[in-house]
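>>> Got a sequence here, can you model it:
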Amino acid sequence: MHGIVFVLKVFITFTKKLFTMNSINEQQPEKNNENLQGSEAVNKIKKLVDKASTCFFCTAIEGNKPFQTRPMSVQDVDDEGNLWFLSASDSHLNQEIETDNKVQLLFQGSAHAGFLELNGEATISKDKEKIKEFWGPLLKTWFTEGIDDPRITVIKVETYDGYYWDNKHGNAVALVKMAVGAMIGQTLDDSIEGKLNI
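Below you'll find the predicted structure:
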């Protein structure tokens, strides 16, 4: 009997926490959650990456230490939802990917919208065609020998899922809605969020 009571208490506590975590979303009078799959998910990724262009590229490391993070510029997002980067062969990033290729990418398009979290697997190559495709004069800052610098590598992140937070009609409309919501005591923020399955 005590076991059943304990399980019920745990279930009730979990349900309350779940409701509390979603309480802001529950107060929205408009639809504010939309999960996207396939080409819709890829289009959302392209749109949000275009707003940010630079992400925090996170890699796992051994032991109980926190993951490693550094800013990286996205060179491209292809039609399959893969993200492409250039990196130095002797970088910590490359070494970490060789140890564990599971990565997380975090984007922030603006102060109020365009947030994106992606999970995927990274592979490293020396694909000359991709290097030529992505090369620009400013890259010589890091690859001092130019386009033929032997340290240039291409990182492809094959994304499989993620989550996004954005607004539906832009920051100006979101700000007006928030102001109106504050005056009438209702949650109006023009937000939209959801899971991404590529």
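>>> Show me what counts as buried in the longest strand along the chain.
Counting by DSSP state E, the longest strand found in the chain is strand 152-167. Buried residues in strand 152-167, counting neighbours by 16 or more other CB atoms under 10 Å, are found at 152-157, 159, 162, 164-167. Using the backbone N, CA and C atoms, a C-beta is placed for each residue, glycine as well.
>>> any chance of the residues you listed in JSON lines, plus pLDDT and distance to F57?
Formatted as JSON lines, the buried residues of strand 152-167 follow (pLDDT from 0 to 100; distance: CB to CB, whole Å):
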{"residue": "I152", "pLDDT": "98", "distance to F57": "17"}
{"residue": "T153", "pLDDT": "98", "distance to F57": "14"}
{"residue": "V154", "pLDDT": "98", "distance to F57": "14"}
{"residue": "I155", "pLDDT": "98", "distance to F57": "8"}
{"residue": "K156", "pLDDT": "98", "distance to F57": "13"}
{"residue": "V157", "pLDDT": "98", "distance to F57": "8"}
{"residue": "T159", "pLDDT": "96", "distance to F57": "13"}
{"residue": "G162", "pLDDT": "97", "distance to F57": "14"}
{"residue": "Y164", "pLDDT": "95", "distance to F57": "18"}
{"residue": "W165", "pLDDT": "90", "distance to F57": "19"}
{"residue": "D166", "pLDDT": "87", "distance to F57": "21"}
{"residue": "N167", "pLDDT": "77", "distance to F57": "25"}
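>>> what's the closest of these to K102?
Comparing those against K102 with CB to CB places V157 closest, at 10.2 Å.
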